[in-house]
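**Q** Okay, here's the prediction I keep looking at, along with the sequence it came from:
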Amino acid sequence: MSSRQNGRPAGEQEGLRPRYRRAFGCVTWLYMAVLTFLTANFFISLPFRYVGGGEIYNYVPPTLAYLGTVLLVPGMVFAAVLGARTYRAPRRVAGRVGAGVGALIGLSGFLSLVWISAALGFAERDQAFRSGTFADVDGIAFYLFAPLTLAAAVLVIMALYSKGTDRPRLRRLGLAGAGLAVLAGAGLVLSDPGTVGIAAALISAVSAALAGWVGGAGGYARAGGDEMMPPGSTIQPREPRPKPR
């Protein structure tokens, strides 16, 4: 095999640019976040099987497993773009932001499935969607859910992906988006309140918050290596691993 490629010695070939390595790292940690989401929602729901909440156990894990599957591909795209556009962040900050964004995705994602199922009449055509949970969701909260959730998503995406914007403004955008998402979700849940539905929304939000923390503190804070530290950063570079003796 030749030791030269594209006119350059093999030893001088460049690897992936740091921002692409960061994008790949964020996608990899998205997988870890999804696994955390699936594991957390199962184990949080498991006790209900033995304490008189069988309906919760029968409804929540399969529904949230379906949600995790649906979100995987778009999540990969958003994670890759976010990684390529951003620098590393302090682990604590990345964990908090990841947990907050994860909770919003868990709440809005689950309730979006509920809304789509009701809007398209899935419960009448598909046995998998036939359950008493949110069977009678209706009213003004039903019609406001989609535009409020869409507006919330736009605000949160702007807060995450904006470049060259001051941090206080980004924080306000994120908080405004979070407020709209919670308002839309609370309205939909309260339009057809029930123990199973409320428990499912809470379990989805908590499980996704744990998943977001894993993705933020584990991947977003570290992906890309020391080349992706922001200018003037106080993040400490990772120390080299000791060589085996």
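**A** Great, that's in hand.
**Q** Tell me where the model's unsure across the chain.
**A** Within the chain, the stretches with pLDDT under 70 are 1-15, 53, 123-132, 164-165, 226-245.
**Q** What ranges does it have for its helices?
**A** 18-45, 54-85, 91-120, 122-125, 140-161, 167-191, 195-213 (DSSP state H).
**Q** of all those helices, which lies closest to Thr133?
**A** helix 195-213 (4.7 Å; Cβ to Cβ). Placement of C-beta: from N, CA and C, glycine included.
**Q** now that closest one against helix 18-45, angle please.
**A** Here helix 195-213 runs at 150 degrees with respect to helix 18-45, directions being taken by axes from the mean of the first three to the mean of the last three Cα atoms, to 10 degrees.
**Q** Could you check the angle helix 195-213 makes with helix 54-85?
**A** Helix 195-213 runs at 30 degrees relative to helix 54-85, counting by the same axes, to 10 degrees.
**Q** Show the secondary-structure elements that helix 195-213 is packed against.
**A** On a contact count with 3 or more Cβ pairs under 8 Å, 6 or more residues apart in numbering; DSSP states H and E, helix 195-213 meets helix 18-45, helix 54-85, helix 91-120, helix 167-191.
**Q** distance between that helix and the chain's centre?
**A** Centroid separation for helix 195-213 versus its chain: 12 Å, with Cα atoms, centre = their mean, to the nearest Å.
**Q** Mind listing what's buried along it?
**A** Of the residues in helix 195-213, 196-197, 199-213 count as buried by neighbour count, 16 or more other Cβ atoms under 10 Å.
**Q** just stretch 21-31 next, same as before
**A** Taking 16+ other Cβ under 10 Å as the basis for neighbour counts, the residues of stretch 21-31 that come out buried are Arg21, Arg22, Ala23, Phe24, Gly25, Cys26, Val27, Thr28, Trp29, Leu30.
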